[in-house]
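# Sequence first, then the predicted structure, then my questions.
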Amino acid sequence: MSTRGFTGRRPPETTRVRLPPGQSLTEDFPVLQIGPNPRIDLDTWRFTLRAGSRPLKSWSWAEFGALPRTRWSGDIHCVTQWSKFDTAWEGVSVDDLLADAGVDAPTAFALAEGYDDYTTNVPFADLTDGRAMVATHYDGAPITSDHGGPARLLVPHLYFWKSAKWLKGLRFTQKDEGGFWEMRGYHMYGDPWREQRFTGD
């Protein structure tokens with residue numbers, strides 16, 4: 001995994017309460033990835049909800065863009081020890097995706113799946129009630145490819161590796177299945193305030 005653009009600095013006392021343990025504040029937006037950016041054609045892009053291998057609903061880019069929009073502003077925290085304050089995102093909440101599909105979550109667990117074959121697990125409880133979205137815009141502009149565009153998962157209360165880039169779908173699973181980093185020793189949940197970076201933390 002590579003990280004570009006991180007220049008940490010010691011925060012003022014007034015902002016330190018917003019930093020989870022072991023984190024440093026950055027004004028940059030570092031780029032982290034496990035390989036090259038996938039090439040994604042919006043004419044063929046699809047986002048799909050699945051229960052195991054069974055599709056529940058799929059949207060084209062145009063159909064996805066017609067769904068209700070939601071906005072969120074706040075802080076994000078990366079497992080590589082940087083935090084960025086006051087980020088602004090726009091996209092479609094997971095709640096609205098399920099509502100448009102006309103389904104309830106079939107299981108308590110999900111895997112986020114990217115066009116680069118990256119996966120990460122997230123409990124459904126952390127995706128609903130306004131806690132997560134499929135984001136298409138950052139800071140008022142379409143998300144760039146380096147930051148996971150055209151669409152990425154945003155689960156800001158967990159370490160940012162859970163906010164999968166280049167998202168193509170959510171797959172509901174019968175049990176809590178580890179994704180790419182979880183199978184390589186990262187924590188299955190990843191709460192920054194409990195410093196859950198690695199298995200056993």
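Cool, the structure landed. Numbers count the residues shown, from 1 in each chain.

# Counting neighbours, what do you get for Asp100?
Residues contacting Asp100 under the criterion other C-beta atoms under 10 Å number 17. (Glycine included, C-beta is placed from N, CA and C.)

# need the contact list for it.
57, 59, 67 (C-beta atoms under 8 Å, 6 or more residues apart in numbering).

# which of the residues in the helix or strand where it lies are buried?
Using DSSP states H and E, Asp100 maps to helix 94-101. Residues of helix 94-101 classed as buried under the neighbour-count rule (16 or more other C-beta atoms under 10 Å) are 94-98, 100.

# Let me have those residues in TSV, extended by distance to Asp116 and pLDDT.
As requested, these are exported to TSV (distance: C-beta to C-beta, whole Å; pLDDT from 0 to 100):
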residue	distance to Asp116	pLDDT
Val94	21	98
Asp95	26	97
Asp96	25	98
Leu97	21	98
Leu98	25	97
Asp100	26	98
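
# Which of the residues you listed sits closest to Lys168?
The shortest gap between Lys168 and any of the buried residues of helix 94-101 belongs to Leu97, at 13.2 Å (C-beta to C-beta).

# Could you list which residues are in contact with the closest one?
Taking C-beta under 8 Å, 6+ apart as the test, what Leu97 contacts is 47, 49, 57, 67, 134, 170.

# wait, isn't the fifth one in contact with Ala151?
Yep, that's Val134 we're talking about. Yes: with the criterion set as C-beta atoms under 8 Å, Val134 and Ala151 qualify as a contacting pair; they are 5.3 Å apart.

# Those two: which has the busier surroundings?
Ala151 (28 against 25).

# Report pLDDT for the more buried one.
Model confidence at Ala151, expressed as pLDDT, equals 98.

# distance of it from His137?
10 Å (C-beta to C-beta, to the nearest Å).

# now the most centrally placed residue in the chain: how far from Leu32?
By C-alpha atoms, centre = their mean, the mean C-alpha position of the chain lies nearest to Ser163, the distance being 1.5 Å. In this view, Ser163 and Leu32 are 11 Å apart by C-beta to C-beta.

# Good, wrapping up.
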